[in-house]
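Enquirer: Just to be clear, the model below is a prediction. Sequence and coordinates:
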Amino acid sequence: MTSSFHPCFEYTQKLLGNLHFQHLQKAHVLVVGLGGVGSYAVEGLVRSGVGRLTLVDFDKLSASNVNRQLHAMPHLVARPKVDLMSERCLAICPSVQLRGLCIRYQPDNAEAILQAPAEAPYSVVVDAIDDTQNKLHLIHSCMQRKLPLVSAMGAAGRLNPSAIRVDDLADTKMDPFAKNIRRQLRRKYGWSFSSPSNISAVYSTETRSPLSLSPRASVLEENQDSPHGHKTLGSVVFVTAVFGMHAAAAAVAKLAP
């Protein structure tokens, strides 16, 4: 790839320099989970000039997503999130190469998801999964494969976007969810966190709001058959969006020459 001028990314090129921008253009980023955090992470990546994206999410848009998910509009309810985010990416940058997988990441299909095309191996993986066990499996799988990983911890129950941090997963502080992820990775997969893990964890040092600590059943009919409708904590866009943009920034940093 040459250092040709890209009108849409002029200011990115000015800030990062041609070499770093070329790395972004050549990169292939896998984003797993396109909810409140993942949708904003994808937005940050495509607007930064990442040349190829694989987007993974099994879910369809629901009305309860509108408060915090980038692609969520009331008239789009019931459409697959992968399709909506793919359309948005192409509207922003028609030249971006996209692969959308409308499936849930889980152990029995992990190999198919993590097996990138031979001509375009993954440069970075962004984990924005809600389900803890599937998140653990994705982190473990990326560590096994030595795939650079950015993993979002819990954004729910927080109100202060200024408390969001990015640190190595071994070094997070004041986040019980991140601590639990480390503990389960030790117990289930045998990983040690006595030294840096090279996983960039996006997390919050804010104590969760007491109002969010007792999840209530969703009143929306569309959520009655969903496991998320009965156990998901409350969340707001000015936190999930900042989580997502921190994840995009950490991925761009990993793509530096």
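Expert: Looks like it came in fine. Residues are numbered from 1 along each chain as shown.

Enquirer: Could you give the average pLDDT over stretch 54-67?
Expert: Throughout stretch 54-67, pLDDT has a mean value of 96.

Enquirer: Same question for stretch 148-162.
Expert: In this model, stretch 148-162 has a mean pLDDT of 96.

Enquirer: in that stretch, what counts as buried?
Expert: Neighbour-count burial for stretch 148-162 flags 148-159, 161 (criterion: 16 or more other Cβ atoms under 10 Å). No exception for glycine: its C-beta is placed from N, CA and C like everyone else's.

Enquirer: State the helix or strand in which the closest residue to Arg208 other than its chain neighbours lies.
Expert: Excluding its sequence neighbours, the residue lying closest to Arg208 (Cβ to Cβ, 6 or more residues apart in numbering) is Gly157, at 3.6 Å. Using DSSP states H and E, Gly157 sits in no helix or strand.

Enquirer: My understanding was that Gly157 contacts Thr240; is that so?
Expert: No - with contact defined as Cβ atoms under 8 Å, Gly157 and Thr240 do not form a contacting pair (11.3 Å).

Enquirer: how about low-confidence regions in the stretch 101-250 of the chain?
Expert: Confidence mapping of the stretch 101-250 of the chain against pLDDT under 70 gives the ranges 212-232.

Enquirer: Repeat the analysis, applying 50 as the threshold.
Expert: Counting by pLDDT under 50, the stretch 101-250 of the chain contains low-confidence ranges at 224-225, 227-229.

Enquirer: Now do the helices in it.
Expert: Secondary structure of the stretch 101-250 of the chain (DSSP state H, counting those that start in this stretch): helices located at 110-114, 132-145, 176-189, 237-254.

Enquirer: what comes into contact with the first one?
Expert: With Cβ atoms under 8 Å, 6 or more residues apart in numbering as the contact definition, helix 110-114 has outside contacts at 30, 32, 54, 56, 101, 103, 105, 122, 125, 137-138, 141-142, 145, 147.

Enquirer: Figure out how far that helix is from the centre of its chain.
Expert: Centre-to-centre, helix 110-114 and its host chain are 16 Å apart (Cα atoms, centre = their mean, to the nearest Å).

Enquirer: Format the CA atom coordinates belonging to it as CSV.
Expert: C-alpha atoms of helix 110-114 as CSV (Å, rounded to 0.1, in the frame of the first residue of the first chain):
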residue,chain,number,x,y,z
ALA,A,110,-15.2,-20.5,18.0
GLU,A,111,-12.7,-22.1,15.6
ALA,A,112,-14.8,-21.1,12.6
ILE,A,113,-15.0,-17.5,13.9
LEU,A,114,-11.3,-17.2,14.8
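
Enquirer: buried set for that helix?
Expert: Under 16+ other Cβ under 10 Å, the buried positions of helix 110-114 are Ala110, Ile113, Leu114.

Enquirer: Just the buried residues of the contacts of helix 110-114.
Expert: 30, 32, 54, 56, 101, 105, 122, 125, 137-138, 141-142, 147.

Enquirer: Just name the closest of the contacts of helix 110-114 to Asp171, please.
Expert: Distance to Asp171, by Cβ to Cβ, is smallest for Cys142 among these, at 17.8 Å.

Enquirer: pretty sure the closest one contacts Lys135?
Expert: No - here Cys142 lies out of contact with Lys135, judged by Cβ under 8 Å, at a distance of 10.8 Å.

Enquirer: check contacts around Ser235.
Expert: With Cβ under 8 Å, 6+ apart, Ser235 has these contacts: Gly36, Asn67, Arg68, Ala155, Ala156, Gly157, Arg158.
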